[in-house]
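Colleague: 3D, please:
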Amino acid sequence: QAAESLASQIGPGIRICVLGGTAFRGPDSEALTAGLAAELDAAFGEAAVFITGGMAGVQETFAKHCPNSRVFNLLQIGGSSGYGVGVDLEAGESLDERKKIFGQIGDIYITVEGGPGVAQEARDAFARGAGIVPLMRTGGASGGQFDFPAEALKPPAFAEAAHWELLQRADVPVADSIAAAAHIVVGFASQGNPGAPAEVQQNDPPMVGALGPAWTRGEIERPAGQENMGTWTASVYTQEQQARLRVDKFGKPLASVVPDAIPQAEAASREIVPGEETVGMPGGLRTSVVQAAESLASQIGPGIRICVLGGTAFRGPDSEALTAGLAAELDAAFGEAAVFITGGMAGVQETFAKHCPNSRVFNLLQIGGSSGYGVGVDLEAGESLDERKKIFGQIGDIYITVEGGPGVAQEARDAFARGAGIVPLMRTGGAS
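Modeller: Now for the predicted structure:
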């Protein structure tokens, strides 16, 4: 009855509960939690409700990476999550009572690490038929310890073996496990749940098919190489595979990238209007700002060009979560239909670029520069940062701004003056 009462307060939608330890123990667990939250937030939006137990660690991290969804934090009477996001609800006079209720309220439970308490709540949920998605690679209860329900560690009938394997393996990129987990959550949601998005109720939902790397869907062979990305290791295609399959190291088809020598030569051959400002391009060429932008557009290829502007360090408490969440949302909404362009800077642009696993990303740098992101394609234009910024203000169809200083304001002015769309996240302050 307590669970039914809370369900009435929460309202309609698939109820996705999050279980996990109060402190991260594994090297990848925090990245997995944040990334999966952003992925599911983008996939479901208002169609789902995310529920935590108001604890630190896994639950807090998840809650703070769902900017577009409803989040509820279920606490014992008199408790407070202190998250600053979501709605706190009270139920149970003790932590034990609250946990018993938590095990009864959800449709789907995601588990990350955890101890005996997580195992008990998972047992309660599994016993009544709820879907369990254990991130087994994180260990602890989620890895089968503490009498975690053994049957919940086996793949459900609808799940593909390749996706379930990615929940287990700690030697695959974090992004691969995130995509696989999201795919399985969507699969559970589509099993006759009336609250599921219309797309996931179809026999072959496009949203489900779009999740995960192409090789997990059997569309291309598995990458044979690895690359150290700092805090995790990425699966990448070897040079032999890239040449044979005509893809980049992340499996993106090379056909979408036009060799830069042709458009740059064409741009250089056009007549420059007397007095028109020029900028440097690779190979010692000088051309107008507009011609430089046209040359780069040819290299980038088709698609809506969405540029990202922002500070090199986050200053507001919500800015990083907003950036990561918006990137994931747009990545899910557009996929290959859009191209995301950054200036290769730290902070806002780097965070955005690293949360677009399904889209084309280009990082525009001054000649000789490198983003160091490990994602996307670096392009060079402009002999100085000032020249690069002038080109950046001419290349996009839409510009998203987060925080920022005078440089962001100038690029936004240039873009707005020529009719580009500007989407300022004004709540973040600064130039925006």
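
Colleague: My reading is that residue 309 lies in a helix. Confirm?
Modeller: No - per DSSP: H, G, I helix; E, B strand; the rest coil, residue 309 lies outside any helix segment and is strand.

Colleague: Just say helix, strand or coil for residue 88.
Modeller: Residue 88, by the three-state scheme (three-state DSSP), is strand.

Colleague: Can you give me every residue that contacts it?
Modeller: When the contact criterion is Cβ atoms under 8 Å, 6 or more residues apart in numbering, the partners of residue 88 are 54, 72, 73, 75, 79, 80, 81. In short, each C-beta sits where N, CA and C put it, glycine included.

Colleague: Which residue comes closest to it once chain neighbours are left out?
Modeller: Setting aside the residues directly before and after it, residue 88 is nearest to residue 73 in space (Cβ to Cβ, 6 or more residues apart in numbering), at 4.9 Å.

Colleague: Please state the offset of the one helix or strand the one you found maps to from the chain centre?
Modeller: Applying DSSP states H and E as the criterion places residue 73 in strand 70-75. Relative to the chain's own centre, strand 70-75 is displaced by 22 Å; criterion: Cα atoms, centre = their mean, to the nearest Å.

Colleague: So which elements touch it?
Modeller: Judged by 3 or more Cβ pairs under 8 Å, 6 or more residues apart in numbering; DSSP states H and E, the packing partners of strand 70-75 are helix 2-10, strand 48-52, helix 58-63, strand 87-90, helix 95-105.

Colleague: So for residue 373, which of the ones you listed sits nearest?
Modeller: The minimum distance between residue 373 and these falls on helix 58-63, with 22.2 Å, by Cβ to Cβ.

Colleague: ok so, going back, tell me the buried residues within the contacts of residue 88.
Modeller: Neighbour-count burial (16 or more other Cβ atoms under 10 Å) applied to the contacts of residue 88 gives 54, 72, 73, 75, 79, 81.

Colleague: right, and the helices and strands packed on strand 70-75 - which one's nearest residue 372?
Modeller: Closest to residue 372 of the helices and strands packed on strand 70-75 is helix 58-63 (Cβ to Cβ; 25.0 Å).

Colleague: circling back to that earlier point, as JSON lines, the helices and strands packed on strand 70-75 with distance to residue 160 would be great.
Modeller: Output for the helices and strands packed on strand 70-75, formatted as JSON lines (distance: least, Cβ to Cβ, whole Å):
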{"stretch": "helix 2-10", "distance to residue 160": "31"}
{"stretch": "strand 48-52", "distance to residue 160": "22"}
{"stretch": "helix 58-63", "distance to residue 160": "24"}
{"stretch": "strand 87-90", "distance to residue 160": "35"}
{"stretch": "helix 95-105", "distance to residue 160": "28"}
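
Colleague: can you list these in CSV and add mean pLDDT?
Modeller: What follows is those, written out as CSV (pLDDT from 0 to 100):
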stretch, mean pLDDT
helix 2-10, 80
strand 48-52, 91
helix 58-63, 93
strand 87-90, 86
helix 95-105, 88
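
Colleague: Mind checking these for the one nearest to residue 286?
Modeller: Among the helices and strands packed on strand 70-75, the nearest to residue 286 by Cβ to Cβ is helix 58-63 (48.8 Å).

Colleague: If you count contacts, what does that closest one end up packed against?
Modeller: With contacts taken as 3+ Cβ pairs under 8 Å, 6+ apart, helix 58-63 sits against strand 14-20, helix 29-44, strand 48-52, strand 70-75.

Colleague: for the contacts of residue 88, which one is nearest residue 13?
Modeller: Taking Cβ to Cβ as the measure, residue 72 is the one of the contacts of residue 88 closest to residue 13, at 10.4 Å.

Colleague: what's near enough to touch the closest one?
Modeller: With Cβ under 8 Å, 6+ apart as the criterion, the residues that contact residue 72 are 10, 49, 50, 51, 52, 86, 87, 88, 89.

Colleague: coming back round to it: what residues are up against the residue nearest to residue 88?
Modeller: Residue 73 neighbours (Cβ under 8 Å, 6+ apart): 51, 52, 53, 54, 59, 63, 81, 83, 86, 87, 88, 89.

Colleague: Name the nearest residue to the second one, sequence neighbours excluded.
Modeller: What it means is residue 52. residue 59 (3.7 Å).

Colleague: surely that neighbour meets residue 65?
Modeller: No - contact criterion Cβ atoms under 8 Å: residue 59 and residue 65 do not qualify, at 11.3 Å.

Colleague: related to what we said a few turns ago, and the buried ones among the contacts of residue 88, which two are the farthest apart?
Modeller: Considering Cβ to Cβ, no two members of those lie farther apart than 72 and 79, which are separated by 13.2 Å.

Colleague: returning to what we had before: mind putting the buried ones among the contacts of residue 88 into TSV with pLDDT and distance to residue 98?
Modeller: As requested, these are arranged in TSV below (pLDDT from 0 to 100; distance: Cβ to Cβ, whole Å):
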residue	pLDDT	distance to residue 98
54	90	9
72	90	13
73	89	11
75	89	7
79	86	8
81	86	12
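
Colleague: Next, the contact list for residue 420, please.
Modeller: Taking Cβ under 8 Å, 6+ apart as the contact definition, residue 420 lies against 396, 397, 398, 399.

Colleague: Now the terminal residues of stretch 329-344, how far apart.
Modeller: Between the start and the finish of stretch 329-344 there is a gap of 21 Å, counting by Cα to Cα, to the nearest Å.
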